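Asks: predicted structure and sequence below. I'll ask about it afterward.
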There are 2 protein chains.
Amino acid sequence: MPTHFKGTKKEIDSLNAFIKMTRASESINNRISRSLAESCGNLTISQFGILEALLHLGPSNQKDLGAKILKTGGNITLVIDNLEKRNYVTRETDPNDRRASIVNLTKEGEEFISGYFPEHVEKIVDEFSVLTSEELKELGRLCKKVGMKENN
Amino acid sequence: MPTHFKGTKKEIDSLNAFIKMTRASESINNRISRSLAESCGNLTISQFGILEALLHLGPSNQKDLGAKILKTGGNITLVIDNLEKRNYVTRETDPNDRRASIVNLTKEGEEFISGYFPEHVEKIVDEFSVLTSEELKELGRLCKKVGMKENN
DNA sequence: CATTGTTTGTTTAATGTTAAACAAATTGTA
DNA sequence: TACAATTTGTTTAACATTAAACAAACAATG
């Protein structure tokens, strides 16, 4: 189902790449979302993203977490609020900059995310299992190249 | 900034591809969204997707439109409602299946989407301009392959 | 010091999204 | 025909997301 758009080769190829990338990404993320809701007490993909970031980056302020999961500041406030209610994270004010809150994983949050992460990885491996290992690397490389064009 | 996760090569490569694909897709779609809001009277990316589908597929029922833009039925109802308020589409009941509404582009909707589409395409071309034409095609091919794995 | 601008996080209002429950029309099967 | 199951669209409640306005802390410059 290529686009019916009549344009230059470059336009058609760009549009096709865009549509296919969007569809692939959204359908995978929809399935991951549903898994999280089912197996993890209605955990949101944003909440999961924050936990994941904290696990791998260590304590971080909300600004950095927002940049990491590509959400706006107001949204991060709510996501952290909800994670706090679950006792998965705590906030503490940065002594070096009292505007900033440093978000920390609690013991409970750390146990949850590190325990669930392998299962999450297996789901993703399964999603990409149609690609050869060369294709997988190439896909990563190409998406990185496109994603790097952040600054326009 | 590859993931700090320790796992097999396949796990790491899958996770990297997933993260990079998600980031690339979301950051591009965020920018497209913002453009639509600014230049098109707060048109939503879902609304735009529906108009685009109608332009290229012709009149379609809500079920098919939902499948096209990967949104749930209840959401399609609202999106079509909002497009109706803008006088961009109309609903008519399918004479062959009275459960179904066939959604049509109005003259106004058709003029809007076909007039704006070239500008939209240029934005996308620009987003992917960091790739060579071979890379562009390969990205499309790989995403298609991953996206086809719909049925699990 | 005072002022000005920036950064960080919060709040609010408007809207989008989903899942679940539902009604109506259709289809299949006995 | 009658009955059950499916399909299509709608409604509702709960929640996520954003942009905009805001307050507090910081930084820079006079």
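Replies: Arrived safely. Numbers count the residues shown, from 1 in each chain, chains lettered A, B, ... in the order given.
Asks: doesn't B:E138 make contact with A:K20?
Replies: No: in this structure, A:K20 is not within contact of B:E138 by CB atoms under 8 Å, at 11.3 Å. C-betas here are computed from N, CA, C, even on glycine.
Asks: ok, and A:K10, which helix or strand is that part of?
Replies: helix A:9-39 (DSSP states H and E).
Asks: that helix near chain B at all?
Replies: Yes: using CB under 8 Å from any CB of the partner chain, helix A:9-39 comes into contact with chain B via A:9-11, A:13-18, A:20-31.
Asks: just the buried members of the residues you listed?
Replies: A:11, A:13-18, A:20-29, A:31 (16 or more other CB atoms under 10 Å in any protein chain shown).
Asks: where's A:N16 relative to B:I76, distance?
Replies: Taking CB to CB, to the nearest Å as the measure, A:N16 falls 24 Å from B:I76.
Asks: for A:P59, same thing?
Replies: Distance from A:P59 to B:I76, counting by CB to CB: 42 Å.
Asks: what distance do you get for the residue in chain A positioned nearest to DNA strand D to A:Q62?
Replies: In chain A, the residue found nearest to DNA strand D is A:G74; the distance is 3.0 Å by CB to the nearest atom of the strand. Note on A:G74: its distance to A:Q62, by CB to CB, is 10 Å.
Asks: neighbour count winner among those two?
Replies: Higher neighbour count among A:G74 and A:Q62: A:Q62, with 18 against 9, using other CB atoms under 10 Å in any protein chain shown.
Asks: so what does that one look like in phi/psi?
Replies: phi -70, psi -30 (degrees, to the nearest 10).
Asks: that one contacts A:D94, doesn't it?
Replies: No: using CB under 8 Å, A:Q62 makes no contact with A:D94, being 10.4 Å away.
Asks: who touches both of the two?
Replies: The contact sets of A:Q62 and A:D94 overlap at A:A100, A:S101 (CB atoms under 8 Å, 6 or more residues apart in numbering or on different chains).
Asks: and A:G49, how far from chain B?
Replies: 9 Å (CB to the nearest CB, to the nearest Å).
Asks: which residues are in contact with the residue nearest to that residue when sequence neighbours are not counted?
Replies: Of all residues not flanking A:G49 in the chain, A:I69 sits nearest, at 4.1 Å (CB to CB, 6 or more residues apart in numbering or on different chains). Residues in contact with A:I69 (CB under 8 Å, 6+ apart) are A:S46, A:G49, A:I50, A:A53, A:I76.
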